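[1] Return atomic coordinates for the entry below.
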Amino acid sequence: MEEFHDIIIIGAGASGLMCGYFLGKRELDAVILDKNDSAGKKLRATGNGRCNFTNRNMSAECYYGNLDFARKVLDQVDDSKVIQMFEEIGILHRERDGCCYPYGGQASAVVELLVQGCLEQGVEFRFDTKVTRIVHKDSGYRIYCGNGCEYACRKLVMATGGKACRSLGGDGSGYKLCRSMHHRITELYPGLTGLRAEGREWKMLAGVRMQGEVSLFLDGSLIRRESGEIQIVKDGISGIPVFQLCRLAAGGLASGKIVTAAIDFFPSASREQLELWLASHGTEKLAGIVHAKWQKALRERAGTSIQETARLLKRYEVKITDTFGWERAQVTAGGVDAGEVCPETMESKNQEGLYLIGEILDVDGMCGGYNLHFAWSTAYICAQQI
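    Below you'll find the predicted structure:
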């Protein structure tokens, strides 16, 4: 038997929960469908379980994809507005270097209070309900689910997320549904993840963390530099500086370009300064300036040459072969063409009564709370305008 609601949201992740809460506040009849057995699975894991939910240094330049769309969204909902939204649902925040976290430091609290807020506002949930087909009728939408349930609504909100983190529900099924409703999907790449690199040294270096700078090159041309803590894993390089470059590297690989990364162990020192230090102390005392595991890797490339060792400390270049893939990615780069969505309402330009919010759109942010900010912002705009 078909169950009817004025508004149906597909997806109980960050954008779906926030949209549901504000629709409920407007006393609208809304229900949230989700294929998982509970809400916010991916949201609970974000920020290593701490949930960096926005950033005080907010600008469109912190995003990739459709930047014009991102800019129009940010003009409507800034970081102060998101903090106000969180206080409304009961979450105080603390800041560190511009990053905003729940005061208690738990992403699970964000999920619990958003779910509680939805329920208090009369919004219902239907879990273990995977949408398999959507049919657009003149009067609205009919939704068919894998568990045999059928729903109908006047207005439909797609908050299905992307392909990242399959173990937490990111299967990309929303893209197929959006294609069936005449939307174009841009190229999809894993975002905010590490980069696989050629070389035998990575297994030996696995576990090393170091401060430094990573530069990304496509066909030999410098594209971008990022600094911070670099993490070495058994198949390449990771850490926030690498996450920030991942999207650019993935795009370069997809277009057939040669992608390389160069690690600078000492961004604040020149090569000449390092040569002087090595000339004074000798390459046998590398343990005084680099992790012990790096000594062997450097010596395999440079031998005992002071000049070559100094060069490698400033530019340890590796060839990038791939990203760490969808399971280890935190976000999806690419998605539904945001040019087909009205940024003032989140309504589809192609189909009346269809709204698209959050990660499903082809806007993705850098590490630092930007992706969650986009999810909250698009959800709020949708809920106010629907």
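[2] Assign a three-state SS to the residue nearest to Gln385 when sequence neighbours are not counted, would you?
    Distance criterion Cβ to Cβ, 6 or more residues apart in numbering; nearest residue to Gln385, sequence neighbours excluded, is Thr345 at 4.0 Å. All C-beta spots, glycine's among them, are computed from the backbone N, C-alpha and C. Following DSSP: H, G, I helix; E, B strand; the rest coil, Thr345 is assigned to coil.
[3] looking at it, Thr345 is touching Tyr380, isn't it?
    No. The criterion here is Cβ atoms under 8 Å, and Thr345 misses it with Tyr380 at 11.6 Å.
[4] out of those two, which sits in the more crowded spot?
    The neighbour comparison of Thr345 against Tyr380 (other Cβ atoms under 10 Å) goes to Tyr380, with 23 against 14.
[5] Can you say which helix or strand has Arg247 in it?
    helix 240-254 (DSSP states H and E).
[6] export that helix as PDB, just CAs?
    Output of helix 240-254 as PDB, limited to C-alpha atoms (Å, rounded to 0.1, in the frame of the first residue of the first chain):
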ATOM      1  CA  ILE A 240      45.700  16.700   5.600                       C
ATOM      2  CA  PRO A 241      48.100  18.300   3.100                       C
ATOM      3  CA  VAL A 242      47.700  15.300   0.800                       C
ATOM      4  CA  PHE A 243      43.900  15.300   1.300                       C
ATOM      5  CA  GLN A 244      43.800  18.900   0.100                       C
ATOM      6  CA  LEU A 245      45.600  17.900  -3.100                       C
ATOM      7  CA  CYS A 246      43.800  14.600  -3.700                       C
ATOM      8  CA  ARG A 247      41.000  16.100  -5.900                       C
ATOM      9  CA  LEU A 248      43.500  17.800  -8.200                       C
ATOM     10  CA  ALA A 249      45.600  14.600  -8.400                       C
ATOM     11  CA  ALA A 250      42.600  12.500  -9.200                       C
ATOM     12  CA  GLY A 251      41.500  14.800 -12.000                       C
ATOM     13  CA  GLY A 252      45.000  14.800 -13.400                       C
ATOM     14  CA  LEU A 253      45.200  11.000 -13.400                       C
ATOM     15  CA  ALA A 254      41.800  10.800 -15.100                       C
END
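[7] Kindly calculate the angle that the very next helix or strand once past it makes with helix 240-254.
    For helix 240-254, the following helix or strand on the C-terminal side (DSSP H and E) is strand 259-264. Here strand 259-264 runs at an angle of 160 degrees relative to helix 240-254 (axes from the mean of the first three to the mean of the last three Cα atoms, to 10 degrees).
[8] Pull the residues that contact strand 259-264.
    The contact list for strand 259-264, computed with Cβ atoms under 8 Å, 6 or more residues apart in numbering, reads 195, 197, 212-218, 220, 230, 237, 242, 245, 249, 252-253, 313-320.
[9] Flag the helix or strand of the protein with the lowest per-element mean pLDDT.
    Using mean pLDDT, DSSP states H and E, helix 41-49 stands out as the lowest-scoring helix or strand of the chain, at a mean of 89.
[10] what's in contact with stretch 238-251?
    64, 187, 189-195, 209, 212-214, 216, 218, 223-224, 226-232, 259, 261, 320, 323-324, 329-330, 333, 364, 366-367.
[11] same thing with stretch 277-297?
    Here stretch 277-297 has contacts from 201, 204-205, 207-208, 210, 265-266, 298-299, 302, 304-306, 309-310, 313, using Cβ under 8 Å, 6+ apart.
[12] which residues does the residue lying closest to Ala70 once chain neighbours are set aside form a beta bridge with?
    Counting by Cβ to Cβ, 6+ apart, Tyr63 is the residue found nearest to Ala70 once chain neighbours are left out, at 4.3 Å. Beta-bridge partners recorded for Tyr63 (DSSP bridges): Gly365.
[13] give the contact list for Tyr63.
    Contacts of Tyr63 by Cβ under 8 Å, 6+ apart are Ala70, Val363, Asp364, Gly365, Met366, Tyr370, Phe374.
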